[in-house]
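> Build me a model from this:
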Amino acid sequence: MWIKQYLSLPSSMLKSGVDMFAYIMQMQGKAYRDVGIRKTIQVNIDGRSYFVKQHFGVGWREIFKNLFSFKRPILSAITEVNAIQKLVSIGIATTPLVGYGVKGKSPATLQSFIITEDLGNIISLEDLCVDWNSKPPSEKLKRRLIVEVAMIARKLHENGINHRDFYLCHLCLDADLLAKNEIKFYLIDLHRVLIHKTISTNDNMKDIAALYFSSMGIGLTKRDLLRFKMHYLPKSVLGNNFWQAVENRASKLYKKFHSDKFQKRLAAEKSAIS
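I've put the predicted structure just below:
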């Protein structure tokens, strides 16, 4: 990717005589994530709330680390821009794209940003399910949620899309509609999404394993899991090997993410942002 500068913003956000790329890259707001090479902030522009993700360049070390691990490095916000546009085209709701920009010549030092609308009153599936063990939901609601999530996963994978962070926390519901017994999902946090020309069964397995891992401990039954499998793809299509690989990978993720060492690192990262 060899780009000098590309900017796409609605005219309402443009300021006369201002380098808008530099202006947005220097914006300050409420920090939701700050990992040095990438920062996510919430800002208010003309009375409306937006999220701005600023990418400051990944560096050659990160690029080579990914390449040596046979992974495609994420170089800029364009990955998320493409993901949003692709999801919209296949009917999966996500954070509406407002604008984006990219600047640089070297893949290691590309600077970029993406601006998306604030979805407002939403609740993640992780937060919705957190008390399910002690306060189980109605069977009807649980069934509806399982089927909806399975259909989102199916639609993604049938179109060659892998989220690569496919956890419950990235599946969000419109809380106002939920209060009216209506379900509308948004799939968020798309900065690592891969879009394949052909379907990747292995990457699909990793997505489903991440989803399964994140749902461990919320009280799902064997019947619940079977319902998900049948609406995602029938066993006759995938076979036992796929689901065994899902279970094996999910178990490894559970051991990793629930280790004392990981929990301490997670707490330190949260403390640094707050």
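
> the strands in the stretch 151-274 of the chain, which residues?
Residue ranges of the strands in the stretch 151-274 of the chain, as given by DSSP state E, counting those that start in this stretch, are 161-162, 171-174, 185-187, 194-195.

> In CSV, list the ones you listed along with mean neighbour count and mean pLDDT.
All C-beta spots, glycine's among them, are computed from the backbone N, C-alpha and C. Formatted as CSV, the strands of the stretch 151-274 of the chain follow (neighbours: other CB atoms under 10 Å; pLDDT from 0 to 100):
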stretch, mean neighbour count, mean pLDDT
strand 161-162, 23, 96
strand 171-174, 22, 98
strand 185-187, 21, 98
strand 194-195, 16, 95
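
> so which of these comes closest to Q111?
Shortest distance between Q111 and the strands of the stretch 151-274 of the chain, using CB to CB, is found for strand 194-195: 22.2 Å.

> Direction included, what does the closest one pair against?
For strand 194-195, the paired strands and their directions (DSSP bridges) are strand 161-162 (antiparallel).

> among the strands of the stretch 151-274 of the chain, which is nearest S106?
Nearest of those to S106, taken as CB to CB: strand 194-195 at 22.4 Å.

> how about the residue positioned nearest the centre of the chain, what does it touch?
Per CA atoms, centre = their mean, the C-alpha nearest to the average position across the chain is that of D189, at 2.7 Å. Remark: with contacts taken as CB atoms under 8 Å, 6 or more residues apart in numbering, D189 is in contact with 165, 170.

> confidence score at it?
At D189 the predicted local distance difference test score is 95.

> what about the strands of the stretch 151-274 of the chain, which gets the closest to G219?
Using CB to CB as the measure, strand 171-174 is the one of the strands of the stretch 151-274 of the chain that comes nearest G219, at 17.3 Å.

> contacts for the closest one?
Applying CB under 8 Å, 6+ apart, the external contacts of strand 171-174 come out as 119, 121-125, 128, 149, 152, 182-188.

> Can you dump the C-alpha atoms of it in PDB for me?
Once side chains and other backbone atoms are set aside, the C-alpha atoms of strand 171-174 remain, and they are given as PDB (Å, rounded to 0.1, in the frame of the first residue of the first chain):
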ATOM      1  CA  LEU A 171     -22.000  -8.500  19.400                       C
ATOM      2  CA  CYS A 172     -24.200  -5.700  20.700                       C
ATOM      3  CA  LEU A 173     -27.900  -5.200  20.900                       C
ATOM      4  CA  ASP A 174     -30.000  -2.100  20.600                       C
END
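
> Kindly indicate the member of the contacts of strand 171-174 with the most neighbours.
L187 (24 neighbours; other CB atoms under 10 Å).

> what about the closest residue to it other than its chain neighbours, neighbour count?
Taking CB to CB, 6 or more residues apart in numbering as the measure, L187 lies nearest to T94, with 5.1 Å between them; neighbours along the chain are not counted. In terms of burial, T94 registers 23 neighbours under the definition other CB under 10 Å.

> how much space is there between T94 and I74?
As for T94, its distance to I74 is 17 Å (criterion: CB to CB, to the nearest Å).

> And V52, by the same measure?
The spacing between V52 and I74, counted by CB to CB, is 17 Å.

> Over to M151?
Distance, M151 to I74, using CB to CB: 27 Å.

> more crowded one of the two?
Taking other CB under 10 Å, M151 and I74 do not tie; I74 has more neighbours (21 against 14).

> Can you tell me the SS state at the more buried one?
coil (DSSP: H, G, I helix; E, B strand; the rest coil).

> Would you confirm that it contacts V193?
No. Between I74 and V193 there is no contact, the gap being 9.2 Å when judged by CB atoms under 8 Å.

> Give the buried residues for the longest helix along the chain.
Criterion DSSP state H: the longest helix present in the chain is helix 139-158. For helix 139-158, a neighbour-count test (16 or more other CB atoms under 10 Å) marks 142, 145-150, 152-153, 156-157 as buried.
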